[in-house]
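Asker: I would like the atomic coordinates for the input below:
(one chain, ligands or ions: 1)
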Amino acid sequence: MKVLDNPRAAQQVCQSWREDGLRVGFTATMGALHDGHLSLLKRAISENDRTCASIFVNPLQFDDPEDLDAYPIDMAGDLEILRQHGCDMVFSGTMDTFFPEADNRDMIRRVDPGPCASGLEGAYRPRFFDGVATIVDRLFRTVGDCKAYFGEKDFQQTLVVKHLSNQLKGTGIDIEIAVCPTIRSKYGLALSSRNQQLGAANIDIANRIYQALNSTRLAWRSSVRDQSTLSKILRTALEHPQISVDYAEIRNPDDWNSSKNRMDSAIALVAARIGGVRLIDNLRLDQPEGS
Ligand code: PAF
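Answerer: Sure, this is the predicted structure:
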């Protein structure tokens with residue numbers, strides 16, 4: 001596995017693969033890899049001739065410096081995992097090498113994350129999606145034409161990266177986005193690098209997020225289609241003295257900004273803080289288990 005600490009070198013490797021007629025798969029990460037990332041990587045490896053991953057904890061998407069400082073980092077462990085699973089190349093970089101044109105952070109041109117970025121995560125973390133869009137745009141320009149794999153756990157982020165790939169088509173860069181199912185622990189907790197920050201007792205409480213999503217899906221299956229009733233079921237199921245809910249909403253996944261009361265397709269989305277750790281999760285209500 002090639003390990004590169006410079007996006008320019010990564011760009012050249014991806015370019016040479018394509019010149020050899022090879023299809024390129026890509027997974028963007030902030031490291032602290034877990035089975036959720038590995039599911040993306042395995043799918044990328046199975047569908048492409050060469051696969052690369054990026055590891056970069058992007059300061060632009062953190063509003064809170066303490067949250068950035070607390071973000072888990074394990075570069076040596078991550079490289080070992082990627083090597084063992086057959087990744088062909090991994091790259092990282094610094095703010096200077098990703099944004100060489102900017103003398104300081106304030107000079108970086110922020111990329112518009114598109115209309116799906118408002119509300120939910122966008123409302124609670126005001127600069128989050130433009131930070132994500134700015135780095136993902138740079139990562140996509142580094143890797144070039146490829147199939148890029150993202151997890152459905154970050155559902156709103158998948159809408160943002162689809163918007164970016166549409167924007168990049170106009171510049172001749174062809175990024176196909178694949179959205180992969182959320183990987184869960186056996187109790188349903190969505191895998192996340194942040195789970196490492198939960199203690200054992202809080203993991204039990206965090207499992208309630210999935211239970212709440214599942215209760216809402218059961219209501220959908222018993223033919224409840226009214227958005228406010230479904231929201232109420234979700235919020236009630238999340239009530240617990242140690243769960244502080246940022247949002248618990250039902251949206252139409254195909255028509256994100258619509259606000260019809262009667263849903264014909266639906267996704268339940270939650271962000272909650274447990275013991276100071278902020279977790280997000282979601283569940284399609286209109287799809288069978290495991291899809
Ligand atoms: O989902 C993530 O890990 C990050 O938001 C991403 C896409 C790697 C951009 O920093």
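
Asker: For the stretch 1-150 of the chain, what lies in contact range of the ligand?
Answerer: Selection of the stretch 1-150 of the chain residues close to the ligand by CB under 6 Å from any ligand atom yields 28, 29, 30, 58, 61, 132, 135, 136. Glycine gets a C-beta too; all of them are placed from N, C-alpha and C.

Asker: Give me the subset of these lying in helices.
Answerer: Within those, residues falling in helices by DSSP state H are 132, 135, 136.

Asker: pretty sure the second one is touching residue 56, no?
Answerer: Yes. Here residue 135 reaches residue 56: they are 6.9 Å apart, a contact under CB atoms under 8 Å.

Asker: Quickly list what's touching both of those two.
Answerer: Taking CB atoms under 8 Å, 6 or more residues apart in numbering as the contact rule, residue 135 and residue 56 both touch residue 98.

Asker: hey, which helix or strand in this structure has the poorest pLDDT?
Answerer: helix 65-70 (a mean of 90; mean pLDDT, DSSP states H and E).

Asker: From the contact counts, what lies against it?
Answerer: Here helix 65-70 touches no other helix or strand, going by 3 or more CB pairs under 8 Å, 6 or more residues apart in numbering; DSSP states H and E.

Asker: Pick out the residue of the stretch 151-291 of the chain closest to the ligand.
Answerer: In the stretch 151-291 of the chain, the residue that lies nearest the ligand is residue 154 (5.3 Å; CB to the nearest ligand atom).

Asker: so how many other residues sit close to that residue?
Answerer: 21 (other CB atoms under 10 Å).

Asker: ok, now the one 3 residues further on?
Answerer: Other residues lying near residue 157 total 24 when counted by other CB under 10 Å.

Asker: Now it: which helix or strand?
Answerer: Following DSSP states H and E, one finds residue 157 within helix 155-169.

Asker: could I get the helix ranked longest in the chain in PDB with only the CA atoms?
Answerer: As assigned by DSSP H, the longest helix anywhere in the chain is helix 200-221. This file holds the C-alpha atoms of helix 200-221, laid out as PDB (Å, rounded to 0.1, in the frame of the first residue of the first chain):
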ATOM      1  CA  ALA A 200     -19.800   1.500  29.100                       C
ATOM      2  CA  ALA A 201     -22.800   2.900  30.900                       C
ATOM      3  CA  ASN A 202     -23.400   5.500  28.200                       C
ATOM      4  CA  ILE A 203     -23.300   2.900  25.500                       C
ATOM      5  CA  ASP A 204     -26.400   1.200  27.000                       C
ATOM      6  CA  ILE A 205     -28.100   4.600  26.900                       C
ATOM      7  CA  ALA A 206     -26.900   5.300  23.400                       C
ATOM      8  CA  ASN A 207     -28.500   2.000  22.200                       C
ATOM      9  CA  ARG A 208     -31.900   3.700  22.900                       C
ATOM     10  CA  ILE A 209     -31.400   5.900  19.800                       C
ATOM     11  CA  TYR A 210     -31.700   2.900  17.600                       C
ATOM     12  CA  GLN A 211     -34.600   1.500  19.700                       C
ATOM     13  CA  ALA A 212     -36.400   4.800  19.200                       C
ATOM     14  CA  LEU A 213     -35.800   4.800  15.500                       C
ATOM     15  CA  ASN A 214     -37.000   1.200  15.300                       C
ATOM     16  CA  SER A 215     -40.200   2.000  17.300                       C
ATOM     17  CA  THR A 216     -41.000   4.700  14.700                       C
ATOM     18  CA  ARG A 217     -40.400   2.200  11.900                       C
ATOM     19  CA  LEU A 218     -42.800  -0.200  13.600                       C
ATOM     20  CA  ALA A 219     -45.400   2.600  13.700                       C
ATOM     21  CA  TRP A 220     -44.800   3.200   9.900                       C
ATOM     22  CA  ARG A 221     -45.300  -0.500   9.300                       C
END
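
Asker: now whatever residue of the stretch 51-200 of the chain ends up closest to the ligand, nearest residue through space, not along the chain?
Answerer: Closest approach between the stretch 51-200 of the chain and the ligand, counting by CB to the nearest ligand atom: residue 58, at 4.1 Å. Closest residue to residue 58 apart from its sequence neighbours, by CB to CB, 6 or more residues apart in numbering: residue 135 at 4.3 Å.

Asker: Ok, residue 242 next?
Answerer: Spatially, and ignoring its direct neighbours in sequence, residue 242 is nearest to residue 205 (5.3 Å; CB to CB, 6+ apart).
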